[in-house]
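Engineer: structure, please.
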Amino acid sequence: AVRVLYHHHHHHDMVLLEKAVNDAHPQVRREAVTSLGQSLDPKAVLIALKVLQQPMDNFLDFALWRTCRLVESQWLPAFQKGALDFDEDAEGMAFAFKAIERPDALAPLVNLIRKNDGGDAAIIRLIGKIGSAEDLEVLLDVNDRHAGLALIEAAEDRGVMPNSTSSRMIACERWLQASNEIGIRLIGLWQLSDLQDEAILALSSSDAAVQTAATKSVAELGRADVLTEVARNPGVSLPHRTKAAVALAGMDHQAGARVAILLLQETLSKEAVDDLIGSLLRKKGGATALAQALAEVSISDRHAIHATRLVETSGVEAPDLMAALAKAGALAPIQQGLSDAQLTALLGKVAAGDLARGKAIYSSEALACTVCHVIEGSGGAIGPDLSSIGASAPIDYLVQSLLEPSRKIKEGYRMSIITMKNGDVSSGAVLREDQSVVVMRNAVGKESRLPKSAIKSRETSPVSMMPSGLTSSLREDEFVDLVAYLASLGKLK
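Structural biologist: Okay, here's the model as predicted:
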């Protein structure tokens, strides 16, 4: 139906197109974006750019790129005259300006910031997203947190920084006074080794954000010795030691693995285990190094089970590490399937399942179902929406999907594996991307930003983001209750 609007540009049609841009189906969104490319209204580009708030694919990306170019003669003059407001949508503004490939269009905005010693936060962020090294110079003199964040983003996502080393030094020293977190982060990104003592000192900050910035910067400055000392120090808090170990693994996976097994013998949060194991799985050779380091130690079954699930959903083939985790955690083998007789017997018990208890099991931290799945608007959005799964899927399908999630993966929810030029590997769902960066969310809900200039290859994994054995800790009656609850979703009461 959206195609019918392609040659019509009435006001009510724009309202319909705005609704279609936010439709759940990507083809509907693409048709709406394409239709907006025929509009003479400058605001058409604002409506089209709202599609960036939804999951993107290559077809949508191209449609939006083409629409921004087709309506350039309407939206760019209006924007330059102040008649079109992107309403702080820096992501959308950056996409539109990159699409039209007009470096000169950014010049008036840079001059505006220079003249006013600051200005609109969205424009400042835009300069950080697409500005050249010369453009970024104007942000060095802006006493605004948005300017500092824009400089960080330019360095992290694009590897671009102001040309003048002396100017960077002066600006960084000013940021250390105005916002310690920003100043500390820029020390590493801008390789200001003369200020490394400031970053090392900040490792002991009581401010978690400053501490995180310091850990990253110390790693970027190559100080593995400092990070090793922090990670091994029993007098330092476990969260702080974990941050240091994660940063160390990014520099030296062998050293990182040796420190990781010390921490895995402690009582860590699930998030800490996520970070530790994830940091090593991303590095080429990291899984092997961790397997070797685990050879002579024992860890809790809780840590071993969680680490095993992370390995399964990482896209990394690591049988030695899986075996090492099973041995270190004394894990029993996981039953991967049921015989026909076992399945029939189990299905016969589902009708009598306790729905309330099944809901509680679904919501439990141990299973972490809510990290990936939505039910009636609540939960994560990595996996399929389960709000009506009971009305659309037979019970035997639900059972098999829980026991063997990789057997049948719903189309559109396959895991992406991205390999970087330095050999690092990231896996998960692609949340969004633009011309500079890909934003991914892994199986435990953690987001990462991957600069496109550093990506070597992308592929789709045959493995589900839901790990096998996720329900292995449940008793049979608990498993039956969980299936009964899922089977009830979407059915009329």
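
Engineer: so for the closest residue in space to residue 127 that isn't next to it in sequence, what's the pLDDT?
Structural biologist: Distances taken as Cβ to Cβ, 6 or more residues apart in numbering place residue 135 nearest to residue 127, at 5.5 Å, with adjacent residues excluded. Using the backbone N, CA and C atoms, a C-beta is placed for each residue, glycine as well. As predicted, residue 135 sits at a pLDDT of 92.

Engineer: give the contact list for residue 135.
Structural biologist: Neighbour list for residue 135: 106, 110, 127 [criterion: Cβ atoms under 8 Å, 6 or more residues apart in numbering].

Engineer: please identify which of these is nearest to residue 222.
Structural biologist: The closest of these to residue 222 turns out to be residue 127 (Cβ to Cβ; 29.4 Å).

Engineer: any idea how far the closest one lies from residue 328?
Structural biologist: In this view, residue 127 and residue 328 are 50 Å apart by Cβ to Cβ, to the nearest Å.

Engineer: neighbour count for these two, which is higher?
Structural biologist: residue 127 (27 against 24; other Cβ atoms under 10 Å).

Engineer: what's whichever strand or helix holds that one packed up against?
Structural biologist: Using DSSP states H and E, residue 127 sits in helix 121-130. Applying 3 or more Cβ pairs under 8 Å, 6 or more residues apart in numbering; DSSP states H and E, one finds that helix 121-130 makes contact with helix 90-100, helix 103-116, helix 133-136, helix 145-153.

Engineer: only alpha carbons, please: show the first one as PDB.
Structural biologist: Once non-C-alpha atoms are left out, helix 90-100 reads as follows in PDB (Å, rounded to 0.1, in the frame of the first residue of the first chain):
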ATOM      1  CA  ALA A  90      23.000  13.900  15.400                       C
ATOM      2  CA  GLU A  91      22.900  10.300  14.100                       C
ATOM      3  CA  GLY A  92      20.400  11.300  11.400                       C
ATOM      4  CA  MET A  93      22.100  14.500  10.600                       C
ATOM      5  CA  ALA A  94      25.500  12.700  10.200                       C
ATOM      6  CA  PHE A  95      23.900  10.200   7.800                       C
ATOM      7  CA  ALA A  96      22.300  12.900   5.700                       C
ATOM      8  CA  PHE A  97      25.500  14.900   5.300                       C
ATOM      9  CA  LYS A  98      27.600  11.800   4.500                       C
ATOM     10  CA  ALA A  99      25.100  10.700   1.900                       C
ATOM     11  CA  ILE A 100      25.300  14.000  -0.100                       C
END
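
Engineer: who touches that helix?
Structural biologist: So helix 90-100 is in contact with 45-46, 49-50, 52, 64-65, 68-69, 72, 75-76, 86, 105-106, 121-123, 125-126, 129-130, 434-436, going by Cβ under 8 Å, 6+ apart.

Engineer: what's the angle from that helix to helix 145-153?
Structural biologist: For helix 90-100 against helix 145-153, the angle by axes from the mean of the first three to the mean of the last three Cα atoms, to 10 degrees is 50 degrees.

Engineer: buried sites along helix 90-100?
Structural biologist: For helix 90-100, the neighbour count (16 or more other Cβ atoms under 10 Å) marks 90-100 as buried.

Engineer: quick check, distance from it to the centre of its chain.
Structural biologist: Centre-to-centre, helix 90-100 and its host chain are 21 Å apart (Cα atoms, centre = their mean, to the nearest Å).

Engineer: likewise the third one?
Structural biologist: Distance of helix 133-136 from the chain centroid (Cα atoms, centre = their mean) equals 28 Å.

Engineer: for it, buried residues please.
Structural biologist: Under 16+ other Cβ under 10 Å, the buried positions of helix 133-136 are 135-136.

Engineer: output that helix as CSV, restricted to C-alpha atoms.
Structural biologist: The C-alpha coordinates for helix 133-136 follow below in CSV (Å, rounded to 0.1, in the frame of the first residue of the first chain):
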residue,chain,number,x,y,z
ALA,A,133,41.0,16.7,11.3
GLU,A,134,40.9,20.4,10.4
ASP,A,135,37.2,20.7,11.3
LEU,A,136,37.9,19.1,14.6
